[in-house]
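[1] Give the three-dimensional model of this entry:
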Amino acid sequence: MMEAKTTTMSQTQVVSKAHRRIGLLGGTFNPPHFGHLMIGDQVANELNLDQVLFMPNAQPPHVDAKTAVDPMMRAMMVKAAIMGNSKFGLEMTEIERGGKSYSYDTVVALEAAHPENDYYFIIGGDEVAYLKTWYRIDDLVERVHFVGVNRPEQPVRSDYPVEWVQVPNVAISSSDIRQRIKEHRSIRYLVPDMVAAYIFKEGLYLDTAE
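    Now for the predicted structure:
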């Protein structure tokens, strides 16, 4: 009798794990800002996700490495940004792997490590337009659910299966924040206070090379 009970509990746990809905919000996060957090929160609530993982790139293939600060520093800023939200987490797969980050390779690695998860890959409307150029995109769409969030003046359509979530249009960008820091202008209410504290402690973005 005890063995039958144990087996039943185990099966229940497996079924429960198989339905975990995990959002992946990748990016350079150079630095992370309130726009990123708002997107993660809106998508999590609209699609009833169990968690949204913020996933900093090591070296994204479409960005010159010189324009981004050290990956571990960006990860520390993400960790500071998401603190206090139990639905947010930090995913280090791409940084730990190093090199250029291709989403297909990342998803394959995550599925191998966490077969109980269903992944929802969150991207902006501007990125949706370029899905056809992504590495192994036809294989990738078979593995994940793509979630597109609206961007101003970007069409809400795609030749690929994309689920769209409408979010408020917030005109905050990492490039603008970097420029403001370089010019010694305020970034208050653009980034969480703990992110700003880390930036100023480390002296980030004061050099034009960053």
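[2] Let me see the contact set for residue 122.
    The contact partners of residue 122, by CB atoms under 8 Å, 6 or more residues apart in numbering, come to 23, 24, 25, 39, 40, 43, 52, 147, 149. (Glycine included, C-beta is placed from N, CA and C.)
[3] Over to residue 149?
    39, 42, 43, 122, 123, 124, 125, 164, 165, 166, 167.
[4] Looking at those, which is nearest residue 198?
    For the contacts of residue 149, the closest approach to residue 198 (CB to CB) belongs to residue 39, at 20.9 Å.
[5] Now go through the contacts of residue 122 and say which are in helices.
    Among those, the members found in helices (DSSP state H) are 39, 40, 43.
[6] Please tell me how far the spatially most central residue of the chain sits from residue 200.
    Centroid-nearest residue in the chain, with CA atoms, centre = their mean: residue 25, separated by 1.8 Å. Residue 25 is 25 Å from residue 200, where distance means CB to CB, to the nearest Å.
[7] State the number of residues packed around residue 202.
    14 (other CB atoms under 10 Å).
[8] quick one, phi/psi of it?
    Per-residue torsions, residue 202: phi -90, psi -10 (degrees, to the nearest 10).
[9] Could I get the full set of helices for this protein?
    Going by DSSP H, the chain shows helices at 2-18, 34-46, 71-82, 93-97, 103-113, 125-128, 137-140, 174-182, 193-202.
[10] Report the rounded mean pLDDT for the fifth one.
    So that's helix 103-113. Mean per-residue pLDDT for helix 103-113: 95.
[11] if we can go back for a sec, could you dump the ones in helices among the contacts of residue 122 into a markdown table with pLDDT, distance to residue 192 and neighbour count added?
    A markdown table is the format used below for the ones in helices among the contacts of residue 122 (pLDDT from 0 to 100; distance: CB to CB, whole Å; neighbours: other CB atoms under 10 Å):
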| residue | pLDDT | distance to residue 192 | neighbour count |
| --- | --- | --- | --- |
| 39 | 97 | 14 | 23 |
| 40 | 97 | 13 | 26 |
| 43 | 98 | 19 | 21 |
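[12] In terms of distance to residue 96, which of the residues you listed ranks first?
    residue 40 (21.0 Å).
[13] Name the nearest residue to the closest one, sequence neighbours excluded.
    residue 52 (4.3 Å; CB to CB, 6 or more residues apart in numbering).
[14] for this structure, what are the low-confidence residue spans?
    1-18, 60-67, 153-154, 208-210 (pLDDT under 70).
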